[in-house]
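J.: Predicted model follows, preceded by the sequence.
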Amino acid sequence: MSAQRPRSNPKPIPFIVTGAIIGFIVFGLISYFGPNRNEGFDITYDPSATLGYMSVLGLCVGGLLGAVVAALFTYRK
């Protein structure tokens, strides 16, 4: 008999939270420093509204990517 250590699976919640935080920061910076796309369309958005929408989108995308990474680490053979 060989003594093998039981394999531990990573916890998915820290991956999801970390991905959501990174997504929040990245999409917030994109909305703050990104180009002005309203030129020529006669539409004006409040910068804080744009920051809010992009931050929520970043939370969702980052959380989803964090969940995918956690699933890949759990699936390893």
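T.: Good, I have the coordinates.
J.: so where's the protein uncertain?
T.: 1-2, 6-7, 35-41, 76-77 (pLDDT under 70).
J.: mind listing the helices for it?
T.: 12-33, 47-75 (DSSP state H).
J.: Now do the contacts for the residue positioned nearest the centre of the chain.
T.: The centroid of the chain falls nearest to residue 62 when counting by CA atoms, centre = their mean (1.1 Å). Each residue near residue 62 by CB atoms under 8 Å, 6 or more residues apart in numbering is listed here: 19, 20, 21, 22, 23, 24, 26, 27. (Each C-beta comes from the backbone N, C-alpha and C, glycine too.)
J.: Let's see that with 10 Å instead.
T.: Contacts for residue 62 (CB atoms under 10 Å, 6 or more residues apart in numbering) come out as 16, 17, 18, 19, 20, 21, 22, 23, 24, 25, 26, 27.
J.: Whichever of those end up buried, select them in ChimeraX.
T.: Only the buried entries of the contacts of residue 62 go into this ChimeraX selection, using 16 or more other CB atoms under 10 Å:
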select :16,18,19,20,22,23,24,27
